[in-house]
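1. Just a sequence and a predicted model for now, questions to come.
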Amino acid sequence: MKPLDPRLLRHARAARGYLALTVGLGLLTAALVIAQAILLAQVLAAAAHDGAPLSELLPRIGWLALVIAVRAVATGVQERYAHRSATRAVAELREQVVERAARLGPRWLAEGAGPRVVTLATRGLDALDAYFVKYLPQLVLSATVTPATLVVILGLDWISAAIAAGTLPLIPIFMILIGQLTQGRSERGLTVMQRLGSQVLDLVAGIATLRAFGRERGPVTRVRALGDAHRKATMGTLRIAFLSGMVLELLTTLSVALVAVSIGLRLVYGHMTLVDGLAVLILAPEVYWPLRQVGAQFHASTDGVAAAEQVFEVLETPLPVSGTRRCPDLSTSTLRLTDVTVRAPGRDQLAPAHLDLELPPGGTVAVTGPSGAGKSTGIELLLGLLRPDSGSVEVVAADGTAVPLADIDPHTYWPQIAWLPQRPVLEPATIGSLVAGGPASASGPGLPRRDEAAALTGLDTVVAGLPDGWDTDLGRGGAGLSVGQRQRVALTRALLSDAPLVVLDEPTAHLDAAGEQVVLDTVRRLRADGRTVLLVAHRPSLIALADRVVTVRAETVPAGSEPAEPDAGRGAPDPVAPARSPEGGTR
């Protein structure tokens, strides 16, 4: 990333105001540094050379104390707002990364971007605080204090100005050489951290399965090796930072020493006044100090800068084109998939391959097939979260007009669908609010309908066993309930929703016989209500409820070959702030 990348100001609004404040304080600091040096030189020269009494020095000492106090206040204000702005800017970038990832769709995340987004949205951007708090202010000071002090020195003594101007480029040269090496190490360290994060996430997601087979300690060696690699990369960066700090400090010391020797010799021979000599000597370190700090603080910000580069890469990834046509009423429309094929990411396989599926209004269709055949991918196609490599997905209105799903505005399509994934997605709220799809009151006309639906799904028994009943608060993902109880909450939401199309993806996958019976009763009620139901199922009891059964199959294709038709594009068609399905899945 550039020293001040314009993309950072474009994507993080908090950085704009902070930069303006930093520039203003930088100009003020430059003026205060010059005033402090001149006042201090005058006081010292008058006291040491002219023998001025304290009474004559007090006015200048007062002004000097005021300048020092104002400089301290400016530094405190800058640091105070630096931390605030850094927190806000990082929060903005996090929010934009997560939002962009949602708009790019599940397939983009599944193709390898998921772990990277998780790392960026959690720990990756934390290191950007050092960039805002330490590096950026010194960068502004090097653009204000350094040239201002150099101009003042030129007016006082051109020889000292020439020495400072000649030695000053050495600091950026060494900064660039050391910074390039450090930046490469930081990028490698971030890559190792992302790899470690992805493997830990996979381990956490599959720990129950590993434990069931007695293999929970299998990944320990690999995780430990990745942790050691990240530790070594981080320590290598720190070693270079300490060494570079020593090099820059040595250069600064030698440069100031050259100026000091020149001033001392000319003072001895009477070629310059003591006031000018002291002023130049006090200002000389201020010429090098901002650049010296830029080099020192650069290493504290390299991890954040590397993460910011990846953030910009995510934010600049092109979005798939979203449709603009209004969706027909799904209660009277037919959904049709014709010869749909999707190439599995990273594999020479079509899953599904040449899928034909028609979902008439009020009908119940079951989708079956072996694992990996593309059943869940077919659901993503139907939901508009993925576009096929070949074939067509259409909504056929009651008058026979066929509209491609890619041309339909998803915000008019998703509210008509209730989607229940294999593991229900429940946001933190009370059970009453969750099943009602919003804030629930203690009484109202919807309560009898809610109680009837809860009795059908068995949720009434669950609620009766909770201390606060319907007002029981659940954590993220339904924390506080078992998997089967969460499924009952989601099924109740589906029954209470007004969505004409209900999509159930393996609703009995994690349930026992009693839970399976609840699902069967729910599907029967949905059919009786005239709702259109799409089931992804393996169990014969659930398949028996369907009016039609469609078998999904996969095909293996030679490496490097392409589907029959051109790629139609992949990704979710702009699911920004999507409507929430009654069971909690994004529609």
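-> Cool, got the structure.
2. Show me where the stretch 251-400 of the chain dips below the pLDDT cut-off.
-> Where the stretch 251-400 of the chain drops to pLDDT under 70, the residues are 295-296, 298-303, 346.
3. What segments of it are helices?
-> 274-315, 375-383 (DSSP state H, counting those that start in this stretch).
4. nearest to Glu516, of the ones you listed?
-> Comparison of these against Glu516 by CB to CB identifies helix 375-383 as nearest, at 18.4 Å. C-beta coordinates here come from the backbone N, C-alpha and C atoms, glycine included.
5. Now tell me what touches that closest one from outside.
-> By CB atoms under 8 Å, 6 or more residues apart in numbering, the residues outside helix 375-383 that reach it are 106-107, 335, 337, 340, 342, 344, 351-352, 355, 357, 359, 367-369, 386-388, 393, 414, 417, 419, 503, 505, 534, 536, 552, 587.
6. Name the spans of the stretch 51-200 of the chain whose pLDDT lies under the cut-off.
-> 110-115, 124, 178-199.
7. how about the strands in it?
-> When assigned using DSSP state E, counting those that start in this stretch, the stretch 51-200 of the chain turns out to have no strands.
8. Repeat that for the stretch 451-587 of the chain.
-> Per DSSP E, counting those that start in this stretch, the stretch 451-587 of the chain carries strands over the ranges 473-474, 501-505, 532-536, 548-551, 555-556.
9. mean pLDDT lowest for which of the ones you listed?
-> For the strands of the stretch 451-587 of the chain, the weakest mean pLDDT is recorded on strand 473-474, namely a mean of 80.
10. starting at the chain centroid, how far to that strand?
-> With CA atoms, centre = their mean, to the nearest Å as the basis, strand 473-474 stands 27 Å off its chain's centre.
11. who does it touch, helix- and strand-wise?
-> Secondary-structure packing of strand 473-474 (3 or more CB pairs under 8 Å, 6 or more residues apart in numbering; DSSP states H and E): strand 429-430.
12. partner strands of the strand it packs on, parallel or antiparallel?
-> Sheet pairing of strand 429-430 (DSSP bridges) gives strand 473-474 (antiparallel).
13. Name the residues that touch the strand it pairs with?
-> Strand 473-474 has contacts (CB under 8 Å, 6+ apart) with 426, 428-431, 434, 480-481.
14. one more time with 10 Å
-> For strand 473-474, contacts defined as CB atoms under 10 Å, 6 or more residues apart in numbering pick out 426-431, 433-434, 466, 479-481, 485-486, 489.
15. Let me see the domain layout of the chain.
-> Using automatic domain parsing, the domain parsing of the chain gives 6-315, 334-556.
16. on that earlier part again, any idea which of the helices of the stretch 251-400 of the chain gets closest to Leu25?
-> Nearest to Leu25 among those is helix 274-315 (12.9 Å), distances taken as CB to CB.
17. what angle sits between the lengthiest helix in the chain and helix 274-315?
-> Ranked by residue count under DSSP state H, the longest helix found in the chain is helix 54-104. If you take axes from the mean of the first three to the mean of the last three CA atoms, to 10 degrees, helix 54-104 sits at 10 degrees to helix 274-315.
18. Low-confidence bits of the stretch 451-587 of the chain, can you list those?
-> The stretch 451-587 of the chain contains residues with pLDDT under 70 at 476-479, 510-511, 558-587.
19. Near Asp399, how many residues? Count them for me, please.
-> Neighbour count of Asp399, defined by other CB atoms under 10 Å: 8.
20. Oops, could you answer that again for His411 instead?
-> With other CB under 10 Å as criterion, His411 counts 19.
21. And the longest helix of the chain, what does it pack against?
-> Applying 3 or more CB pairs under 10 Å, 6 or more residues apart in numbering; DSSP states H and E, one finds that helix 54-104 contacts helix 6-11, helix 13-48, helix 106-108, helix 114-121, helix 128-130, helix 136-156, helix 274-315.
22. Out of those, the one nearest Val518 is which?
-> The nearest among the helices and strands packed on helix 54-104, by CB to CB, is helix 106-108 at 27.8 Å.
23. And the closest one, how far out from the chain middle?
-> 16 Å.
24. again with stretch 336-345
-> 31 Å.
25. Can you measure across it, start residue to end residue?
-> Stretch 336-345 stretches 24 Å from its first residue to its last (CA to CA, to the nearest Å).
26. try stretch 399-408
-> Termini of stretch 399-408 sit 17 Å apart (CA to CA).
27. Could I get the buried residue list for that stretch?
-> The neighbour-count check on stretch 399-408 (16 or more other CB atoms under 10 Å) flags 403, 405-406, 408 as buried.
28. what sits against Gln36?
-> Contact partners of Gln36, counting by CB under 10 Å, 6+ apart, are 63-64, 67-68, 70-71, 282-283, 286.
29. Separate out the buried members of these.
-> 64, 67, 70-71, 282-283, 286.
30. Pipe these into TSV and attach distance to Arg100 per row.
-> Formatted as TSV, the buried ones among the contacts of Gln36 follow (distance: CB to CB, whole Å):
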residue	distance to Arg100
Leu64	53
Val67	48
Val70	43
Arg71	42
Ile282	51
Leu283	48
Glu286	43
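31. related to what we said a few turns ago, in JSON lines: the strands of the stretch 451-587 of the chain, plus mean neighbour count and distance to Gln517.
-> Listed next are those as JSON lines, based on neighbours: other CB atoms under 10 Å; distance: least, CB to CB, whole Å:
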{"stretch": "strand 473-474", "mean neighbour count": "16", "distance to Gln517": "24"}
{"stretch": "strand 501-505", "mean neighbour count": "25", "distance to Gln517": "15"}
{"stretch": "strand 532-536", "mean neighbour count": "24", "distance to Gln517": "15"}
{"stretch": "strand 548-551", "mean neighbour count": "15", "distance to Gln517": "21"}
{"stretch": "strand 555-556", "mean neighbour count": "12", "distance to Gln517": "37"}
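32. got TSV for those, with distance to Glu452 too?
-> TSV is the format used below for the strands of the stretch 451-587 of the chain (distance: least, CB to CB, whole Å):
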stretch	distance to Glu452
strand 473-474	22
strand 501-505	17
strand 532-536	19
strand 548-551	29
strand 555-556	46
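33. Of these, which is nearest Gly323?
-> Nearest to Gly323, of all these, is strand 501-505, at 17.4 Å by CB to CB.
34. angle of that closest one against strand 532-536?
-> Using the same axes, to 10 degrees, one finds that strand 501-505 and strand 532-536 are set 10 degrees apart in direction.
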